[in-house]
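Q: model this:
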Amino acid sequence: LGNIEFEEISSEDCAVHNKHVLEDIAVVLRTDARAIEKALTHRIVAARGQTIEKQLTVAQASFARDALAKAMYSRIFDFIVKRINKALAADQSRGFRIGVLDIYGFEIFESNSFEQLCINYCNEKLQQLFIELVLKREQEEYRSEGITWQDVQYFNNKVICDLVEQPRVGILAILDEKCLMVGRMTDGNFLEHLDQVAGRHAHYSSRQTNSKDTSCRRDLDFRLRHFAGDVVYSVEGFLEKNKDMLFQDLKRLLYNCDRNLLKEIFPEGAQDITAVTRRPMSAGKAFKLSMNELVNQMASKEPFYIRCIKPNETKSSTSFDVERVSHQIRYLGLIENVRVRRAGYANRQPFEHFVLRYKLACPETWPNYRGPGGDKGASKAICRYFKLTTAASNSKEHDVAFGHTKLFISHPQTLAMLERQREAGIPALVVRLQAHWRSWLARRYFRRLRAVFIIKQRFKKYKLQRFFKKVFRTFSNVARDPKLGKDTKWPAPPKVLRPFVRHLKQIHRVWRANKIVRSLSEEEQAEMRMKIIAYTILKGKKKNWGYNRAWRGDYLALSSENRMSQMYNASLAHLKETEGFSRVLFSSFALKWATSQKCQNRALVVTDKAIFKLDATKRFKLSTKSISLRQIEAISVVSEPVDLMVIRLKGGRDLVVSLLAGSEQRSSELMAVLIQCLYRDHQKVVKIDVDEAPQYVHKGIKTHTVVVRESPEVEDRRFVKAPSGVALMIPSRR
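A: Just a heads-up that it's a prediction; the model follows:
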């Protein structure tokens, strides 16, 4: 986006100069390059249900481009932060949470602008929070607990924070007011208004309000006296940096991109083009609200501060700039903090915590205090036992002071003495605990030893009962299971029951098979029987023999299989009258190797009486004499996934056919149909061979071999003459 350049067409219109950059951006955002150009060079203003399109100048388009880039970067960054926080989120219902806030510190450069004002305002707010939480709160704690205390004076920078953030008269409020004014507002107008409002403030000055301040340029600079030092700010660019130039057109552009992330981080782009939207929040106001939210969140926690002191500007480990270090100590408020700590108490604890920790060192409070006063009375008893002096009304030298809810300890030495006394009493407590623990261990060992004999007697019975309960529970609803317990995992049986469980599994398999068969229709049962016949013969000998598809039988009667199905049905009705068969068992288009050693396309029809070879090109007329099923002696099937089979007949005129079924395998179906029909209707068992190169007898004289060959030059399957007999040429499968 930053590489986009604009060229001026007129004083109030512009266009993108390097349009090839738009194409690259459109590819990344998954949108149209023309839409990007229009959103950057035009603005649509909605008012009372109507829209007005306004052309942008080169300067306005540049600001819109920069605003778009900053908004995308900012919202993607916020999206990543939210995802990380969500992934690392702890359970808020229990335990403690620790947050870390890393602040770089004040920025004082040769040229300071709007960014430095925001950063230094952030440090002012955090310093104010430090004053509230550390210095002010600690002194207020002494007063609320009724402890005699003399206040330590410190600088409160609330006046500086109010100068920046106060409504209507604060720097940020004045800046927002100038940004919202109609007409051409400049940075000079902002500085002029600022001089009028804050000119008499003790922590503000400019060349206009103080002519002796030569470090500030006239009509360009103003000075703020921060707690860390004076900073001179240049107002150049303040108004433009404070404005949010991300208008609704740019948000609508990003929302309409074909990327879900952009739709999620720019949801306001979904608004209708005629909808009237509020002016975007300024950068200063957004920063102020963010700071207030941060301060409120930190004020609700217990803060711990780590102050980093920069010893020099050269990043050397051997250099120590005394003046710079002293300046940092002063503006960080460390001197006041040390004064409060030295004048106050080294340690403070609620009475209940103090008693719980040190009661074992005092005979009057161990194991429980039964005197008057509750926890405060117990704390006084411990202090009396160790002869600790308490604070009198005008006494400065004392060891402890009693507040309303807490005990305050003056010196670290007193706390160290209490810890030593506690540590000295711990060994006797440990010995007593060890005695109770050893006696408990002995009693537990005896109970376990007695339980072992009972467990041994009942263990076998328990395991058997548990196993059978698991079996009953596992298979209690097996009849309502769609798979009838096929995927149900059997419980692990005891070793003694393993042979019995094998019989149970066999019984379950038989029951499941009977249930499945009984649920099928008569046609599905007949199909299942034929598939079982084919599976028994082809198991382990031929892959992909068509078990996973429906077997239709009379395929040529289907309009989806045969476009001339009506002609076929009419021819079959005539053939049924002349030949006298009852039903058609199987039909399909096929290639036949004729006795004249030629490849012929035929419609192969198998009935309960005979096999018919029909010529589809002649209205399915009978091409040659039918073959009675009684003439079949054996069937040979190719082991390769090709629909090729040889039907051996009496008299040596074997039938060599290859079924034309596309990617389906139907030779196994034809084989099962013939086997079932011969056995059921003619009580005849035929021999089945599964071979790579089956043999056949030609004209009852000589035995030949049928082979399958692949060739990339072959487009359609066909029979050709080969030295060994005949070859079925098929297209290469690779």
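
Q: quick one: the strands in the stretch 201-350 of the chain?
A: Ranges of strands within the stretch 201-350 of the chain are 204-206, 221-226, 229-234, 347-350, based on DSSP state E, counting those that start in this stretch.

Q: what's the first one packed up against?
A: To tie it back to what came earlier, the one meant is strand 204-206. For strand 204-206, the packing partners by 3 or more C-beta pairs under 8 Å, 6 or more residues apart in numbering; DSSP states H and E come out as helix 187-198, strand 221-226. C-beta coordinates here come from the backbone N, C-alpha and C atoms, glycine included.

Q: that strand pairs with which strands?
A: Strand pairing for strand 204-206, using DSSP bridges, gives strand 221-226 (antiparallel).

Q: rounded mean pLDDT for the strand it pairs with, please.
A: Averaging pLDDT along strand 221-226 yields 90.

Q: do stretch 356-369 as well
A: On average, stretch 356-369 scores 87.

Q: give me the mean pLDDT for the longest helix seen in the chain.
A: Taking DSSP state H as the criterion, the chain has its longest helix at helix 412-474. Helix 412-474 carries an average pLDDT of 89.

Q: number the residues from 864 up from this point.
A: Taking 864 as the first residue, the last one we looked at is helix 1275-1337.

Q: after that helix, next one along is what?
A: Sequence order places helix 1361-1382 as the next helix or strand after helix 1275-1337, per DSSP states H and E.

Q: quick check: buried residues in that next one?
A: Val1364, His1371, Arg1375 (16 or more other C-beta atoms under 10 Å).

Q: how about residues contacting it?
A: Val1334, Phe1338, Ala1342, Leu1347, Gly1348, Lys1349, Trp1353, Pro1356, Gln1388, Met1391 (C-beta atoms under 8 Å, 6 or more residues apart in numbering).

Q: can you give me the angle the longest helix of the chain makes with helix 1361-1382?
A: Helix 1275-1337 runs at 60 degrees relative to helix 1361-1382, counting by axes from the mean of the first three to the mean of the last three C-alpha atoms, to 10 degrees.

Q: list the helices and strands helix 1275-1337 packs on?
A: helix 1214-1221.

Q: ok, and what's touching the helix it packs on?
A: Helix 1214-1221 is contacted by residues 1212, 1228, 1232, 1237-1239, 1241-1242, 1245, 1268-1270, 1281, 1284-1285 when judged by C-beta under 8 Å, 6+ apart.

Q: which two among these are spaced furthest apart?
A: Maximum pairwise distance among those (C-beta to C-beta): 23.9 Å, between Thr1268 and Gln1284.

Q: deepest of the strands of the stretch 1064-1213 of the chain, which one?
A: Each of the strands of the stretch 1064-1213 of the chain was scored by mean neighbour count; the highest is strand 1067-1069, a mean of 23, by mean count of other C-beta atoms under 10 Å.

Q: other residues contacting that strand?
A: Contacts for strand 1067-1069 (C-beta under 8 Å, 6+ apart): 1026, 1054, 1057-1058, 1061-1062, 1076, 1079, 1084-1088.

Q: nearest to Arg1193, of those residues?
A: Comparing those against Arg1193 with C-beta to C-beta places Arg1088 closest, at 13.7 Å.

Q: Glu916: helix or strand, and which one exactly?
A: Short version, using DSSP H and E: Glu916 is in strand 913-918.

Q: so the longest helix of the chain versus helix 1214-1221, what angle?
A: Using the same axes, to 10 degrees: helix 1275-1337 against helix 1214-1221 is 90 degrees.

Q: surely Gly1403 is within a strand?
A: No - Gly1403 is assigned coil when assessed by DSSP: H, G, I helix; E, B strand; the rest coil, not a strand.

Q: for stretch 994-1003, what is the distance to the chain centroid?
A: Stretch 994-1003 sits 44 Å away from the centroid of its parent chain (C-alpha atoms, centre = their mean, to the nearest Å).

Q: return the set of buried residues in that stretch.
A: The neighbour-count check on stretch 994-1003 (16+ other C-beta under 10 Å) flags Ile994, Glu995, Leu996, Val997, Leu998, Lys999, Glu1001, Gln1002 as buried.

Q: got a markdown table for those, with pLDDT, distance to Phe1217 and secondary structure too?
A: What follows is the buried residues of stretch 994-1003, written out as a markdown table (pLDDT from 0 to 100; distance: C-beta to C-beta, whole Å; DSSP: H, G, I helix; E, B strand; the rest coil):
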| residue | pLDDT | distance to Phe1217 | secondary structure |
| --- | --- | --- | --- |
| Ile994 | 74 | 29 | helix |
| Glu995 | 73 | 27 | helix |
| Leu996 | 73 | 24 | helix |
| Val997 | 72 | 23 | helix |
| Leu998 | 67 | 25 | helix |
| Lys999 | 70 | 25 | helix |
| Glu1001 | 73 | 19 | helix |
| Gln1002 | 74 | 22 | helix |
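
Q: would you turn those residues into CSV with distance to Arg1306?
A: As requested, the buried residues of stretch 994-1003 are exported to CSV (distance: C-beta to C-beta, whole Å):
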residue, distance to Arg1306
Ile994, 61
Glu995, 58
Leu996, 53
Val997, 54
Leu998, 58
Lys999, 59
Glu1001, 53
Gln1002, 57
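
Q: so which of these is the closest to Ser1182?
A: Using C-beta to C-beta, Val997 comes nearest to Ser1182 of the buried residues of stretch 994-1003, at 30.4 Å.

Q: touching, the closest one and Asn1200? I think so.
A: Yes - between Val997 and Asn1200 a contact is recorded at 6.1 Å, counting by C-beta atoms under 8 Å.

Q: which helices and strands sit right next to the helix or strand that the strand holding Glu916 is followed by?
A: Next helix or strand after strand 913-918 toward the C-terminus (DSSP H and E): helix 921-951. Helices and strands touching helix 921-951, by 3+ C-beta pairs under 8 Å, 6+ apart, are strand 869-873, helix 896-904, helix 1111-1118, helix 1123-1128.

Q: distance to Phe1483, mean pLDDT and mean neighbour count for the ones you listed - can I get that in JSON lines?
A: Formatted as JSON lines, the helices and strands packed on helix 921-951 follow (distance: least, C-beta to C-beta, whole Å; pLDDT from 0 to 100; neighbours: other C-beta atoms under 10 Å):
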{"stretch": "strand 869-873", "distance to Phe1483": "77", "mean pLDDT": "90", "mean neighbour count": "13"}
{"stretch": "helix 896-904", "distance to Phe1483": "62", "mean pLDDT": "90", "mean neighbour count": "20"}
{"stretch": "helix 1111-1118", "distance to Phe1483": "64", "mean pLDDT": "87", "mean neighbour count": "21"}
{"stretch": "helix 1123-1128", "distance to Phe1483": "58", "mean pLDDT": "90", "mean neighbour count": "14"}
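
Q: can you give me the end-to-end distance of stretch 1230-1241?
A: Using C-alpha to C-alpha, to the nearest Å, the end-to-end distance of stretch 1230-1241 comes to 12 Å.

Q: mind listing what's buried in that stretch?
A: Applying 16+ other C-beta under 10 Å to stretch 1230-1241 flags Tyr1232, Asp1238, Lys1239, Gly1240, Ala1241 as buried.

Q: how far does it sit from its chain's centre?
A: With C-alpha atoms, centre = their mean as the basis, stretch 1230-1241 stands 56 Å off its chain's centre.

Q: before we move on, what about stretch 1061-1076?
A: On C-alpha atoms, centre = their mean, the centre of stretch 1061-1076 falls 56 Å from that of its chain.
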